[in-house]
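1. Pasting the sequence and the predicted model now:
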Amino acid sequence: MAMALRAASRVLLRAGSRLGRREAVDGARRFANKRVLVETEGAAGATRIAVMKFRNPPVNSLSLDFLTEFVISLEKLENDKSIRGVILTSDSLKRGNQTKVAATEKTEEKRATRDHGGRLQERPGIFSAGLDLLEMYGRNPAHYAEYWKAVQELWLRLYLSSLTLMSAINGASPAGGCLLAITCDYRIMADNPKYTIGLNESLLGIVAPFWLKDNYVNTIGHRAAERALQLGTLFPPAEALKVGVVDEVVPEDQVHSKTLSVMAKWLAIPDHSRQLTKTMMRKATADNLIKQREADIQNFASFISRDSIQKSLHMYLEKLKHKKG
Ligand SMILES: CCCCCCCCCCCCC/C=C/C(=O)SCCNC(=O)CCNC(=O)[C@H](O)C(C)(C)COP(=O)(O)OP(=O)(O)OC[C@H]1O[C@@H](n2cnc3c(N)ncnc32)[C@H](O)[C@@H]1OP(=O)(O)O
């Protein structure tokens, strides 16, 4: 398993440097590639935590490029012995198809956009819109296989990470967005009813893979997962808390500070005992995928290539495109 992960990571690292994606390195405190910004907090020499900010506009979808850059960044953090905790969150996104508010306007208005009548329109934040539908639609089986391998890799890396992982969910988090969150050790969500979280695959005419289903069952229990998966339920914050998809809901402007303070409590636990406990809880679920990765890739490639599934995805994409009109 470790060898397989190391080999896959070497491939990803080679791909990353070939594409020249690393844009800026500022000592050990901040590094970025195009789609993931990593900032570290804490004094040099002491335990530090890192914040991984997604910035893949317009909706932080998990494109192949994003997945590659994410895994490279995570690996760098895993290899940095001063880092013990990582927070996953979204960088604030600005959508390209609306007029951006002038920088001179008040701070709260800067985060808004204007509608066609020129009125300020508050847009919901987005943690991640999940897997990139354009990676799963209209491509060939080889592409689907490559994409799915990268999705598996992301899940395995996160689910088995020895770091303490927390998600600061500052926006909508459907499907693959929820995947990112539920691999974490702790989830804190902004109290904004416009934000929802859950595995909504069934609404798209697709099915969550067994390992994501297992992760969901481990998080919210079998009965709740059975119902939520069939209905494709996207929970607003209060319901997400009630069912256990998230651990805490806090006012939007406190998500980051609250996550930092919970992280401090987790980091007070000795690493070795916490890590061994985490492995004990998660290994069997991860092993289920590890022992049949190749078969899972083939299943995905043939499932997603079906005419009926492509048709469902087409209809869903059209629905997204026309919902504004
Ligand atoms: C027999 C069994 C065998 C099983 C074998 C296994 C099979 C496995 C099958 C595969 C299962 C995989 C698991 C899938 C996981 C997923 O993650 S699928 C993706 C699910 N995501 C969604 O449903 C979210 C869709 N998006 C939205 O709801 C909204 O966009 C939003 C995130 C709430 C944001 O809304 P808003 O701010 O209003 O922005 P929009 O205008 O809607 O979007 C802006 C543009 O972005 C495009 N877009 C949105 N989401 C995605 C996406 N996920 N991928 C790619 N592109 C996306 C959207 O179309 C807009 O585009 P333009 O119109 O061109 O601007």
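-> On my side now, so go ahead.

2. hey, let's count contacts and neighbours off CA atoms from now on
-> Will do.

3. where in this protein is pLDDT low?
-> 1-28, 43-45, 93-124, 324-325 (pLDDT under 70).

4. for it, what spans make up the strands?
-> Ranges of strands in the chain, per DSSP state E, are 24-26, 30-32, 36-41, 48-54, 83-90, 99-100, 113-114, 120-121, 164-169, 173-174, 186-190, 197-198, 248-250.

5. In a markdown table, list these along with distance to the ligand and mean neighbour count.
-> Shown next, in a markdown table, are those (distance: least, CA to the nearest ligand atom, whole Å; neighbours: other CA atoms under 10 Å):
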| stretch | distance to the ligand | mean neighbour count |
| --- | --- | --- |
| strand 24-26 | 27 | 11 |
| strand 30-32 | 22 | 18 |
| strand 36-41 | 17 | 20 |
| strand 48-54 | 14 | 23 |
| strand 83-90 | 12 | 23 |
| strand 99-100 | 13 | 16 |
| strand 113-114 | 11 | 19 |
| strand 120-121 | 11 | 16 |
| strand 164-169 | 13 | 27 |
| strand 173-174 | 5 | 26 |
| strand 186-190 | 15 | 26 |
| strand 197-198 | 10 | 28 |
| strand 248-250 | 19 | 20 |
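
6. so what's the residue most central in space within the chain up against?
-> Residue closest to the mean C-alpha point of the chain, counted by CA atoms, centre = their mean, is Leu180 at 3.3 Å. Going by CA atoms under 8 Å, 6 or more residues apart in numbering, Leu180 touches Trp155, Leu158, Ser167.

7. Quick check: residues of the stretch 101-250 of the chain near the ligand?
-> 124, 129-134, 172, 174-176, 201, 206-209 (CA under 6 Å from any ligand atom).

8. Could you rerun that using 8 Å?
-> 123-126, 128-135, 172-177, 179, 195, 199-201, 203-204, 206-210 (CA under 8 Å from any ligand atom).

9. Quick one: neighbours of the closest residue to Pro237 other than its chain neighbours, just the number.
-> Sequence neighbours aside, Asp191 is the residue nearest to Pro237 in space, at 5.9 Å (criterion: CA to CA, 6 or more residues apart in numbering). For Asp191, the number of neighbouring residues by other CA atoms under 10 Å comes to 21.

10. can you check Gly244 too?
-> When neighbours are defined as other CA under 10 Å, Gly244 has 16 of them.

11. got the contact list for the residue nearest to Phe303 when sequence neighbours are not counted?
-> Among residues not flanking Phe303 along the chain, Ile309 sits closest, at 7.3 Å (CA to CA, 6+ apart). Contact analysis of Ile309 by CA under 8 Å, 6+ apart lists Gly205, Ile206, Phe303.

12. Glu78 too?
-> Glu78 touches Ser161, Ser162, Leu163, counting by CA under 8 Å, 6+ apart.

13. From these, pick the one nearest the ligand.
-> Nearest to the ligand among these, counting by CA to the nearest ligand atom, is Ser161 at 21.0 Å.

14. Can you mark which positions in stretch 140-151 are buried?
-> Within stretch 140-151, the residues that count as buried by 16 or more other CA atoms under 10 Å are Pro141, Tyr144, Ala145, Tyr147, Trp148, Lys149, Ala150, Val151.

15. quick check, nearest of those to Val59?
-> Closest approach between these and Val59, by CA to CA: Val151, at 17.3 Å.

16. ok, that closest one - contacts?
-> By CA under 8 Å, 6+ apart, the contact set of Val151 is Leu67.

17. how near is it to His143?
-> Distance, Val151 to His143, by CA to CA, to the nearest Å: 12 Å.

18. Could you do Leu88 as well?
-> From Leu88 over to His143 (counting by CA to CA), the distance is 27 Å.

19. and what of Val243?
-> The gap separating Val243 from His143 is 36 Å, by CA to CA.

20. Same question for Val249.
-> Val249 is 38 Å from His143, by CA to CA.

21. Cys184 now?
-> Distance of Cys184 to His143, given as CA to CA: 28 Å.
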